[in-house]
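K.L.:
Have a look; sequence and predicted model below, questions after that.
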Amino acid sequence: MKRFAALYARLDDSRATSAKVEAMRAYFAETPAADAAWGLYFLTGQRLKRLIAPSLLRAWISDATGLAPAIVEECYAHVGDLAETLALLLDRAGRPQPLIERGLAEWVAWLLVLRDRDVDAQRAALLDVWARLPLDECFLFNKLLTGALRVGVSSGLAARALAQHAGLDDTLIAQRLMGDWQPSAAAFAALLAPGSAEAHPSQPYPFCLASPIEDEGLPSGLGAASEYLAEWKWDGIRGQLIRRAGQTFLWSRGEELLNGRFPEIEAAATQLPDGTVLDGEILAHDGTAVLPFAKLQTRIGRKTVGKKLLAEAPVAFVAYDLIEWQAEDWRARPLSERRAQLETVVTATAEPHLKLSEAVIADSWDALAASRTQARERGVEGLMLKRLDSAYQTGRRRGAWWKWKLDAMHIDCVLVYAQAGHGRRANLYTDYTLSVWEGPNAGEGLLLPVAKAYSGLTDAELTKMDGWIKKHTREKFGPVRSVEPVQVFEIAFEGIQASTRHKAGIALRFPRIARWRTDKPAHEANTLADLKMFLKL
């Protein structure tokens, strides 16, 4: 585990992408295959499930250190990360004989066995291990134990590093990693094998991602509008629908197999010929129109769906690309050819739960801009622009696919609660709960929380706000502080919907801080009535 702990620290300290890729490449080159497989598993964003309740871990660390539980809780509140808190509290001189070095794969196996032991055995085993591991390895061990291991790289970077080590194309490595890849020495060796080994029928392709258009005005710098296919940017679950070997597989972009959750889509896919893979969006759809995202949310996370929910929240798969046809990889073909065949395929199925993504027809950027203004009333996020001559690429390759989203909605809110962040931000209060006025006019009634935001401020602003929060705290509730309601922040958000789960009666999508309104007093912040006006847009 020493190697992976050293890699974890090196990645945490690195800012340059090239340095991170080189660090991972070196790790794969010098690490035994079983350990490298688990290292790759974690580098691509996978985690072990939490093995032991945090409350037990905090109690046991109190036993191990002799510190009162209240002091352990205060340390945890200050550090903001349980794994780091445990490692720091245990870091002291005079350790017993260090443990014999175990590889990462051995430690994972040890933890999986520990999960099934009784509480007393778990406690005894952990107290012994904690006493013997050096700080960096203890920190990593605790991250694995708590299911909180996150590494600051993307799965695409990890695939690139492995490709450099193996001397293979990174798109091939990315494809081999898609789906239910399980870490083992044999699986790692298969990743590095030359050629194109036969994949399991369920294996999806790496998704092609779009780049955002961030400039104001028309995107005329991209060339002529006629060079692009324009589609609505759907607000659903991105997925790949696979029909191979007489079986259907439905994968999300997050590489989660969704089989059983959307049975109507799986049933529709039986009409597709074997060797067909579609890229598209799972949407709440009543057969004639797209329904609000809130309807789809009632289906998310449900592994089994009853008749009542099937009727209340019907869904469809809206296809917008054909990436495999007749068992042949079509990704290198131009979009114009893939789209033409897709139209034929979807039309031939005549399935109400399998639909073709609508092309937005316009002969100029001005005409497309006019269509884009209709997006919100259609329940979509804007437009997608895809070059007709583009291949279906792996990941986000700038220049072929673009997302031209609607401008975000904005509102001014008052800070009422703050909580410490995680990782590098563990010692700063960076997670904010923001509120609007309940009364009909600004400054009237109570302040009702409507959003939580933790991004948008610069490091300098975060440091300044952290100092202010500590000086203007009203009450403490564990790691959360109630503060004087005087600071105003403008927040941006992508969508809004009615919600019975929130006291304010609304829920915002993707809220983030747009700017710190030092020029605005709290009594001039917006009201709940102002916010609900967006529901009508």
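P.N.:
That came in fine, so what should we check first?

K.L.:
so what pLDDT did the residue minimising distance to the centre of the chain get?
P.N.:
Closest to where the C-alpha atoms of the chain average out (Cα atoms, centre = their mean) is Gly254, at 7.4 Å. Here, the pLDDT recorded for Gly254 equals 84.

K.L.:
and it, helix, strand or coil?
P.N.:
Recorded secondary structure, Gly254: coil (DSSP: H, G, I helix; E, B strand; the rest coil).

K.L.:
so how far is Ile491 from it?
P.N.:
Distance from Gly254 to Ile491, counting by Cβ to Cβ, to the nearest Å: 26 Å. In short, each C-beta sits where N, CA and C put it, glycine included.

K.L.:
you'd agree Lys355 is up against Leu342?
P.N.:
No. Between Lys355 and Leu342 there is no contact under Cβ atoms under 8 Å: 11.2 Å.

K.L.:
okay, and the common contacts of these two?
P.N.:
Taking Cβ atoms under 8 Å, 6 or more residues apart in numbering as the contact rule, Lys355 and Leu342 both touch Ala319.

K.L.:
neighbour-wise, which of those two wins?
P.N.:
Taking neighbours as other Cβ atoms under 10 Å, Lys355 and Leu342 compare with Leu342 leading, 24 against 21.

K.L.:
So which elements touch the helix or strand where the more buried one lies?
P.N.:
Per DSSP states H and E, Leu342 falls inside helix 335-349. On a contact count with 3 or more Cβ pairs under 8 Å, 6 or more residues apart in numbering; DSSP states H and E, helix 335-349 meets strand 228-232, strand 276-284, strand 315-325, strand 354-356.

K.L.:
Could you check the angle that helix makes with strand 228-232?
P.N.:
Counting by axes from the mean of the first three to the mean of the last three Cα atoms, to 10 degrees, helix 335-349 lies at 40 degrees to strand 228-232.

K.L.:
Distance from the chain centre to helix 335-349, please.
P.N.:
Here helix 335-349 is found 30 Å from its chain centre; the criterion is Cα atoms, centre = their mean, to the nearest Å.

K.L.:
hmm, back to that, backbone phi and psi for the residue nearest to the centre of the chain, please?
P.N.:
phi -80, psi 10 (degrees, to the nearest 10).

K.L.:
repeat for the one 10 residues further on
P.N.:
As for Glu264, its main-chain torsions (degrees, to the nearest 10) stand at phi -70, psi -30.

K.L.:
dump the residue contacts of it.
P.N.:
By Cβ under 8 Å, 6+ apart, the neighbours of Glu264 are Leu310, Pro314, Val315, Ala316, His353.

K.L.:
and those residues, which are buried?
P.N.:
Buried subset of the contacts of Glu264 (neighbour count, 16 or more other Cβ atoms under 10 Å): Pro314, Val315, Ala316, His353.

K.L.:
what's the closest non-adjacent residue to the first one?
P.N.:
Spatially, and ignoring its direct neighbours in sequence, Pro314 is nearest to Asp286 (5.6 Å; Cβ to Cβ, 6 or more residues apart in numbering).

K.L.:
Just the pLDDT for the one you found.
P.N.:
89.

K.L.:
pretty sure it is in contact with Val315, am I right?
P.N.:
No. Using Cβ under 8 Å, Asp286 is not in contact with Val315, being 9.6 Å away.

K.L.:
residues in contact with stretch 71-80?
P.N.:
58, 61-62, 65, 67, 82, 85, 88-89, 420-422, 425-427, 478-479.

K.L.:
Which among those residues count as buried?
P.N.:
The buried subset of the contacts of stretch 71-80 - by 16+ other Cβ under 10 Å - is Arg58, Ile61, Ser62, Thr65, Leu82, Thr85, Leu89, Ala420, Gly421, His422, Arg425, Pro479.

K.L.:
Contact partners for the fourth one?
P.N.:
It stands for Thr65. Val72, Leu89, Leu90.

K.L.:
Give me the pLDDT for it.
P.N.:
At Thr65, pLDDT is 87.

K.L.:
Touching stretch 219-230 from outside, list them.
P.N.:
For stretch 219-230, using Cβ under 8 Å, 6+ apart, the contacting residues are 213, 215, 335-336, 339, 359-365, 367-368, 371, 383-389, 402, 404.

K.L.:
Now which of these would you call buried?
P.N.:
By 16+ other Cβ under 10 Å, the contacts of stretch 219-230 give 213, 335, 339, 360, 362, 365, 368, 383-387, 402, 404 as buried.

K.L.:
The chain - how does it break down into domains?
P.N.:
2-146, 208-405, 409-536 (automatic domain parsing).

K.L.:
got a list of contacts for the stretch of helix or strand Ala369 belongs to?
P.N.:
Secondary structure from DSSP H and E places Ala369 in helix 365-372. Applying Cβ under 8 Å, 6+ apart, the contact partners of helix 365-372 are Leu218, Pro219, Ser220, Ala225, Ala230, Val360, Ala362, Gly382, Leu383, Leu385, Trp404, Leu406.

K.L.:
separation between the last one and Ser364?
P.N.:
Leu406 sits at a distance of 19 Å from Ser364 (criterion: Cβ to Cβ).

K.L.:
just the fourth one next, same as before
P.N.:
Ala225 sits 5 Å away from Ser364 when distances are taken as Cβ to Cβ.

K.L.:
How many neighbouring residues does Gln393 have?
P.N.:
Using other Cβ under 10 Å, Gln393 has 17 neighbouring residues.

K.L.:
Pull the contacting residues for it.
P.N.:
Thr171, Cys208, Arg331, Ala400.

K.L.:
try it again with 10 Å
P.N.:
Neighbouring residues of Gln393 by Cβ atoms under 10 Å, 6 or more residues apart in numbering: Thr171, Pro206, Phe207, Cys208, Leu209, Arg331, Ala332, Gly399, Ala400, Trp401.

K.L.:
Ala70 now?
P.N.:
Ala70 neighbours (Cβ under 10 Å, 6+ apart): Ser62.

K.L.:
Work out the gap between the helix or strand harbouring it and the centre of the chain.
P.N.:
Using DSSP H and E, Ala70 falls within helix 69-79. Offset of helix 69-79 from its chain centre (Cα atoms, centre = their mean): 29 Å.
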